[in-house]
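The sequence isn't on hand, but the structure is:
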Ligand SMILES: Cc1ncc(COP(=O)(O)O)c(C=O)c1O
């Protein structure tokens, strides 16, 4: 009998998707579900992007260059300039989503058994990308009581070993919604320089910074050219998750040359989606102003409704569109499943992501859930009401 690889067996299930069979069953039984588990925005994709695909007069849908179309990369570089990020198109490799950019980054800088330090809770697929790359995640815990701010830099330093190759942050954070300050980025910059590590920053939520805070990129920090690798994506920025376009950006020439070899092996990022993504760069600022206003409203409603529930603790997000809520339950995996299998309010229930999968330290975050506020305000209010009623009757 042929056998599955150890790596394959170790690949974690996505905590965001693992409850899908229970949700499907609930729907079959006639329940309707508020999906708070997944970061699929309900915001419309800019017309300009969709129109560009409709207008494209292509006779042969050919491969593009492995590093992505040159004109698209030049336009990305111009977009970054507006965000005070100064990189040339040669510092950019277009990828199949931010996901592939993460895989290329891991593959380019780490060998099997190397270590990467990541503040937890973190985007759950970092576990999957690490397992796929044979790399070990070394978590450093950030706490709900501190709003998930950067843990003290000494905590990172304690974890550095000869096998440590990189620190990975997500800014603004999924699942925490935390936005790192310039000072926090500078502390990380100092430590990676001191220990010769890479600093990978996943900045796919760059535009989603609230309350007048501005996002500070690792690419803006002077002296980090050899150390910084930025991960980016059109998925959330333009509500274009299905386009599957992202990019890896670094001024470190060896990183780019190496990532390009990975890019060559998979030939090309999607051609039609690059046309859409190139056009999306023309999206007017008013689109983002409206989207940000909408998310701030949703966040405010969600947080104030959650705070009204006895025993619920929640950190106020400053960016992205997620929050972590601590519930008066022992095991949020069981609770989330029970919500789908055994509970409803007038035929409605909610699907949430149990937060244990966003931690790599076993046993941490078991009483937390991640909520993606990707639904309209009215639906969010109803969804939180379902949670409130559920917590009144749920027995661990
Ligand atoms: C923090 C973070 N990084 C990367 C990704 C990957 O996005 P994509 O591959 O769609 O660009 C996501 C998707 O949800 C994310 O939340």
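Looks like it came in fine. This structure is a prediction, so every number in the text was calculated from the model and none was measured.

from here on, contacts and neighbour counts on C-alpha atoms
OK.

and this protein, which of its residues are near the ligand?
Counting by C-alpha under 6 Å from any ligand atom, the positions of the chain adjacent to the ligand are 39, 97-99, 123, 170, 174, 202, 204, 233, 235, 241, 244, 246.

do that again at 5 Å, thanks
97, 98, 99, 233, 235 (C-alpha under 5 Å from any ligand atom).

Now, those that are in helices?
97, 98, 99 (DSSP state H).

circling back to that earlier point, show me which of the residues of the chain next to the ligand are buried.
Among the residues of the chain next to the ligand, those buried by neighbour count (16 or more other C-alpha atoms under 10 Å) are 97, 98, 99, 233, 235.

in the longest helix along the chain, what counts as buried?
Secondary structure of the chain per DSSP H: the longest helix is helix 285-307. Using 16+ other C-alpha under 10 Å as the test for burial, helix 285-307 gives 291, 292, 295, 296, 298, 299, 301, 302, 303, 305, 306.

pLDDT added to those, as JSON lines?
Below are the buried residues of helix 285-307 laid out as JSON lines (pLDDT from 0 to 100):
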{"residue": "291", "pLDDT": "93"}
{"residue": "292", "pLDDT": "94"}
{"residue": "295", "pLDDT": "95"}
{"residue": "296", "pLDDT": "96"}
{"residue": "298", "pLDDT": "96"}
{"residue": "299", "pLDDT": "96"}
{"residue": "301", "pLDDT": "96"}
{"residue": "302", "pLDDT": "96"}
{"residue": "303", "pLDDT": "96"}
{"residue": "305", "pLDDT": "95"}
{"residue": "306", "pLDDT": "96"}
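
Look up the closest residue to the one residue in the stretch 201-350 of the chain that gets nearest to the ligand, ignoring the ones flanking it.
Of the residues in the stretch 201-350 of the chain, the one nearest the ligand is residue 233, at a distance of 4.4 Å by C-alpha to the nearest ligand atom. With C-alpha to C-alpha, 6 or more residues apart in numbering as the criterion, residue 233 has its nearest non-adjacent residue at 3.7 Å, and that residue is residue 246.

Local confidence estimate at residue 290?
Note on residue 290: pLDDT of 94.

go on, residue 396?
For residue 396, pLDDT reads 84.

who's in contact with residue 256?
Residues near residue 256 by C-alpha atoms under 8 Å, 6 or more residues apart in numbering: 91, 92, 93, 249, 250.

that older thread, does the residue nearest to residue 233 really touch residue 236, like I thought?
No - using C-alpha atoms under 8 Å as the test, residue 246 is too far from residue 236 to be in contact (10.4 Å).

Tell me which of the two has more neighbours.
A side-by-side neighbour count of residue 246 and residue 236, using other C-alpha atoms under 10 Å, places residue 246 first with 26 against 21.

check contacts around the more buried one.
So residue 246 contacts 94-101, 231-235 (C-alpha under 8 Å, 6+ apart).

ok so, going back, could you export the buried residues of helix 285-307 as JSON lines, including distance to residue 113?
Shown next, in JSON lines, are the buried residues of helix 285-307 (distance: C-alpha to C-alpha, whole Å):
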{"residue": "291", "distance to residue 113": "42"}
{"residue": "292", "distance to residue 113": "41"}
{"residue": "295", "distance to residue 113": "40"}
{"residue": "296", "distance to residue 113": "41"}
{"residue": "298", "distance to residue 113": "42"}
{"residue": "299", "distance to residue 113": "39"}
{"residue": "301", "distance to residue 113": "44"}
{"residue": "302", "distance to residue 113": "41"}
{"residue": "303", "distance to residue 113": "40"}
{"residue": "305", "distance to residue 113": "44"}
{"residue": "306", "distance to residue 113": "41"}
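
now, the most widely separated pair of those?
291 and 306 (22.3 Å; C-alpha to C-alpha).

helix or strand for the residue positioned nearest the centre of the chain, which one?
With distances taken as C-alpha atoms, centre = their mean, residue 174 lies nearest the centre of the chain, 4.7 Å away. Following DSSP states H and E, there is no helix or strand that holds residue 174.

OK, contacts around it?
Neighbours of residue 174 in contact, by C-alpha under 8 Å, 6+ apart: 122, 123, 320, 321, 322.

at 10 Å what do you get?
39, 121-124, 202, 204-205, 317, 319-324, 358, 370, 372 (C-alpha atoms under 10 Å, 6 or more residues apart in numbering).

Does residue 8 touch residue 132 like I think?
Yes - with contact defined as C-alpha atoms under 10 Å, residue 8 counts as touching residue 132 (7.9 Å).

returning to what we had before: tabulate the ones in helices among the residues of the chain next to the ligand (a markdown table), appending pLDDT.
Listed next are these as a markdown table, based on pLDDT from 0 to 100:
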| residue | pLDDT |
| --- | --- |
| 97 | 98 |
| 98 | 98 |
| 99 | 98 |
